[in-house]
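A.B. asks: pasting a predicted model and its sequence here:
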2 protein chains.
Amino acid sequence: MALNRLKQAASHVTGQTEPPHPLDPLSEAEIEKAVAIVRKEHSGLFFNAVTLWEPRKAEMMAWLKDPKSTPRPHRCADVVTIGRGSKVYDGVVNLTEGRIVGWALTPNVQPLITMEDLQIVETIVRKDPKVIEQCGIVGIPPEDMHKVYCDPWTIGYDERFGTGVRLQQALMYYRPHVDDSQYSFPLDFCPIYNADTQEIIHIDVPPVRRPLSKAKPNNYHAAAIEAEGGYRTDLKPINITQPEGVSFTMDGRTINWQNWKIHIGFNYREGIVLSNITFNDKGNERPIFWRLSLAEMVVPYGNPEHPHQRKHAFDLGEYGGGYMTNSLSLGCDCKGAIHYMDAAFVNRAGAPTTIKNAICIHEEDAGILFKHTDFRDDSVTVTRARKLIISQIFTAANYEYCVYWIFHQDGTVQLEIKLTGILNTYAMNEGEDLHGWGTEVYPGVNAHNHQHLFCLRIDPNIDGADNTVFQVDAARGSAEVGSAENKYGNAFYAKKTKFENPVQAMSDYNGATSRTWEMCNENKLNPYSKKPVSYKLVSREVPELLPKEGGLVWKRAGFARHAVHVTPYNDSQIHPAGRHVPQTSGEPSQGLPAWIAANPNANIANTDVVLWHTFGITHFPSPEDFPVMPAEPMTLLLRPRNFFTKNPCLDVPPSYCSVPSGVKQGHVLVDKISKLAFGDEQSGSCCKK
Amino acid sequence: MALNRLKQAASHVTGQTEPPHPLDPLSEAEIEKAVAIVRKEHSGLFFNAVTLWEPRKAEMMAWLKDPKSTPRPHRCADVVTIGRGSKVYDGVVNLTEGRIVGWALTPNVQPLITMEDLQIVETIVRKDPKVIEQCGIVGIPPEDMHKVYCDPWTIGYDERFGTGVRLQQALMYYRPHVDDSQYSFPLDFCPIYNADTQEIIHIDVPPVRRPLSKAKPNNYHAAAIEAEGGYRTDLKPINITQPEGVSFTMDGRTINWQNWKIHIGFNYREGIVLSNITFNDKGNERPIFWRLSLAEMVVPYGNPEHPHQRKHAFDLGEYGGGYMTNSLSLGCDCKGAIHYMDAAFVNRAGAPTTIKNAICIHEEDAGILFKHTDFRDDSVTVTRARKLIISQIFTAANYEYCVYWIFHQDGTVQLEIKLTGILNTYAMNEGEDLHGWGTEVYPGVNAHNHQHLFCLRIDPNIDGADNTVFQVDAARGSAEVGSAENKYGNAFYAKKTKFENPVQAMSDYNGATSRTWEMCNENKLNPYSKKPVSYKLVSREVPELLPKEGGLVWKRAGFARHAVHVTPYNDSQIHPAGRHVPQTSGEPSQGLPAWIAANPNANIANTDVVLWHTFGITHFPSPEDFPVMPAEPMTLLLRPRNFFTKNPCLDVPPSYCSVPSGVKQGHVLVDKISKLAFGDEQSGSCCKK
Ligand SMILES: [Co+2]
Ligand SMILES: [Co+2]
């Protein structure tokens, strides 16, 4: 860290900076430069994205292996622009050479909707005569149009309008007062907005009308809580401090912590991208994952009535998990000793903008790491665990997604996602039969059933790029009870199915067999177990995609049809629902299904592969989730199996250690701060043992 | 708390104590009294257990409802004693009346093995000539018998010896040095010990011998870590403090925290027992669970070779989760501001003994409770969560089980179990084919496949005792894609199956449908959703019982055949594998299968029911788990659904709150302690917003 501070200090003095790590996101200056280079040759464009065009893996790996004698990968920008008539141009700008190296009109696609794109719609909607008319029908007079709000969504796909014109659908709400939660007052009609002409081109109106609810506002802000008796006063503060500083160091965007080394990237689509993840195994820096990211997600809603089938947001591909990310704040989003990183993007006009504190990095105590007591003599070792958390929170209209990448000392990587924010809601009449497609969470408010399905892209690098994926099921021994081989019937084993090609690798979850998937390096066996070194995907929140085969969501969200897909590595395959997601028809399906269909027999054994894992939850709303939802967690683990020759965190200082012989044990990490809740002395402390 | 302290102070001065809560565990004085009462009438007995005989539910509920005019339930002791010839006497002693109210010889059963029972075996084994002979065969000379150790287990069931004689099997190990981990040096033979005569009656010797491993010791104590380069020095302390004290209060053993009220009991079998759990819903104290406990568990091992089928410990029923519990220490097992509770038991001789600090109670920060940002103007509410953790750790020979009962502010109850300690190991020859039944985790060490299956006993009391259990599956709408009812194929709903009788209620997990189980009160509908108030069991670590139908474990561990059983409430049905578990043959199966068979058509709809949930993990060992295992977590949730009319924790003070109108929001819980990792100022703090 001292070195890093010196570097920063030096750059302030000299104006010189170290060249960025090839995987670092583009800086504001680089974004400016990319825009300037584009503008030299092309005019009349709005900028949709200017982001790092990541170095090709082969080039990058070669450079990492021998940075002295290998050319440094050039800095390149991946550029998406929109011209008049919803014309989309995709380009690559080589910043090192200062020139455009790729530029093309991409026909019949729509790039994602930016926050700026979204912001415009509400203004248009409020002025549109047909919208004002519909508002009148549900009971909102024209003079109250400033109380009408909309959450603009991509249209998903609507066969009446196709892909050619850039569209949004406006989910309509009402606020009696500017501070009221609009989600308690959904409106029943849905205007469709043309982003190119900036006008409302159609309004979907249901056959049965649902006038504006007359229920009381349902808020969670301070005034509302005050009115109901005020905040609780019985919650005493918990303080978390690290008086000697944090246990991690930063070298640029590469973090070092407890044997882990990780490059922390960020882009407008995936948000946090973790690359070149290694673990120092007694001096040997062993590669584990080349790249980890949330690559896509889809939130299909389960109400089949028109036009709710259009509610199936691809929040990453259609809006961007980076673009929607929150600026985090100390003591609120993050507690303890925090290191933040900012995120730079381009705006519509081509200027760089920055979200401060987009990424939060901190440590947490993680309970007991390991413990064992010998029952003979009560000799004991107890060691506390620490975890490192790299996190972001993004707001997708009504919902917030809190994404925590958690690293453990035992070599485990955990991805935890917490869902909070507000339910998407729709209007209902009193006593209306919801047919099981939704729940009345407040008078007049129908919250539709939905799923939150995430696609985790895992590019394994388990002691090298050549890996193989096995499906692992707990299985009973085949011999019958009473037979010589299985007399008492207790035989069971781990049944492993090797994945040879992408079609065979399309696999679903099986809770009954505790199914896991192992990413192995078959070229390297654990010296003890003689099994390939591996990392195991342990994921238990793996619902099936509920929209039916052949239906709209099934077609568009091909990645979600199976819990696991495996494909051969390809530099251009990052986005499993396609590069440009809005208004894809799903005919043919983009992304994963297309890649697999193009080469169904590709070899995926003992080669460079990518594992795509879809997981999530099915959410049947209830009143407890409203007017704002207590965070609902889901989690998955990537665990080393046969990777190490022993528990890799035995050298974490124990809190307490005693041995049968009574020989004094040193170097214990004593916590003298913990106290008895109602006592004066540390009478329970191990220090007194 | 002040009141509580006064009460305690008063009792010190006057020698008078408040009468215990009827659900409080027996005190040392009460145990003494129970033993004295028994001794007046019966002699020559060893005491196996003297524990609270819980008041009958009807009596207890009546008293709670109207304690002034209802007789206080008597204090009674549930007594298990063993006389000569392994004769077992079960009794009930009424302490209030000072008399025995039940006493009977229970034929053909064996009560659990206590820690004292276990401690004896190693001494006997070391002196036994046949054991010394076997040690010689595997390479341990007679003068080294002090280096021979054994983990005595109940024998499980061995048809050669039956149930009549009290037996243990001694899993044999060797320690080159007293401080070495014995689990790296398993021996290949298994003596059987008669607890009545205190002698070895048989030794199981495998057909192929496996001499003592010559591998180096494999330790995790300080000396071993020093020899490998010492402990890490890069872990900086994290301090957790509550300068204003904790947010909970204790009234005897009843805790009050964030609307929760819970009586915390403890017994030798189940360990922590939580009773009369209520949630204060805006002044209305609503019952949720009458009683929660881990009632049983089983750890079947998957190697079918004789005599490994006997390795399937019922750690609660055969040893006692209370008896094996650790005395916890501040700053090591528990961090922060801790309240401990002790646990009193009887010893073999009839004297009371106490485990200090058996239960740990503390709060933790729990990340974000809820958050929402309005994308229009960045107005935001972010509120941090707190959780209350009531925990214990017990050591079952090689393994440790850390049990955390976690209460959340949103009404969720979470049970988290962390597994640590040491793998059970068996000897192997170099190059031996393990047939997939185990893994070589260190040279010469075979760790057999196994499952850890826990049975959670849930006695729901959802707004009253009359409850109904529904199985809930996410299901696709029945109409086809393209039909008028489901044109786009996106229809899905929560399919609910009502459980009417215990046979129909035997249900398995289904990961594909995200199966949950809802405990409902059909007599009380949520005013908004019109659905019954309920709590939902969300549990995702639910492997099938892998030992086969008709086999030994399947017969003995009937509770583990299904993820969920539901039975009508019965005061005497606490132990799902039976009251006395060791040496049950499973013919017929004890506990749950017997209760259900006795009344398969019993009504379980809208009546007082108990839900038994078996969950856990299947463990295929790997070298990372050795020589001591990094904690492996598993968790489940009990979540309110349609129980509250809104998010019940809206009154938790936010960390930050702003509204679109800009009206100042007060009462925020500001954390001024959190800091930037590498900065001097709180530049990221929300306080500056
Ligand atoms: Co949801
Ligand atoms: Co295990």
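C.D. replies: Everything's here; your move. Ligands and ions are numbered 1, 2, ... in the order given.
A.B. asks: make it CA atoms for all contacts and neighbour counts henceforth
C.D. replies: OK.
A.B. asks: gap between the residue located most distally from the centre of chain A and B:L552?
C.D. replies: Centroid-distance maximum for chain A: A:A484 at 50.7 Å, with C-alpha atoms, centre = their mean. A:A484 sits at a distance of 14 Å from B:L552 (criterion: C-alpha to C-alpha, to the nearest Å).
A.B. asks: ok, now A:E59?
C.D. replies: Going from A:E59 to B:L552 by C-alpha to C-alpha gives 58 Å.
A.B. asks: more neighbours: these two, which one.
C.D. replies: A direct count of neighbours by other C-alpha atoms under 10 Å in any protein chain shown for A:E59 and B:L552 places B:L552 higher, at 25 against 14.
A.B. asks: correct me, but the more buried one touches A:Y488?
C.D. replies: Yes: with contact defined as C-alpha atoms under 8 Å, B:L552 counts as touching A:Y488 (5.4 Å).
A.B. asks: what do those two both touch?
C.D. replies: In terms of C-alpha atoms under 8 Å, 6 or more residues apart in numbering or on different chains, B:L552 and A:Y488 are both contacted by the residues B:Q309.
A.B. asks: nearest residue to A:H575 other than its sequence neighbours?
C.D. replies: A:A295 (5.9 Å; C-alpha to C-alpha, 6 or more residues apart in numbering or on different chains).
A.B. asks: tell me, how many residues neighbour that neighbour?
C.D. replies: For A:A295, using other C-alpha under 10 Å, the count is 24.
A.B. asks: what of A:D117?
C.D. replies: Neighbourhood size, A:D117 [other C-alpha under 10 Å]: 15.
A.B. asks: do the one 3 residues further on as well
C.D. replies: The local packing of A:I120 (other C-alpha under 10 Å) involves 13 other residues.
A.B. asks: again with the one 4 residues further on
C.D. replies: Here the count is done by other C-alpha under 10 Å, and A:I124 has 14 residues near it.
A.B. asks: in the stretch 351-500 of chain A, where is pLDDT below threshold?
C.D. replies: Within the stretch 351-500 of chain A, no stretch has pLDDT under 70.
A.B. asks: so chain A: which segments form each domain?
C.D. replies: A:20-106, A:115-227, A:249-262+A:277-340+A:353-422+A:450-476+A:491-619+A:628-641 (automatic domain parsing).
A.B. asks: closest to B:F492 out of those?
C.D. replies: Smallest distance to B:F492 across the domains of chain A (C-alpha to C-alpha): 4.9 Å, for domain A:249-262+A:277-340+A:353-422+A:450-476+A:491-619+A:628-641.
A.B. asks: span of the closest one from start to end?
C.D. replies: 27 Å.
A.B. asks: what does stretch A:329-336 give?
C.D. replies: Taking C-alpha to C-alpha as the measure, stretch A:329-336 stretches 12 Å from start to finish.
A.B. asks: contacts only, for the residue nearest to A:I203 when sequence neighbours are not counted.
C.D. replies: Residue nearest to A:I203 in three dimensions, not counting chain neighbours: A:P191, with 4.1 Å by C-alpha to C-alpha, 6+ apart. Counting by C-alpha under 8 Å, 6+ apart, A:P191 touches A:V125, A:V131, A:Q169, A:A170, A:L171, A:I200, A:I201, A:H202, A:I203, A:D204.
A.B. asks: could you give the bridge partners of the third one?
C.D. replies: Beta-bridge partners for A:Q169, by DSSP bridges, are A:W153, A:I192.
A.B. asks: next one, pLDDT for it please.
C.D. replies: For A:Q169, the pLDDT comes out at 98.
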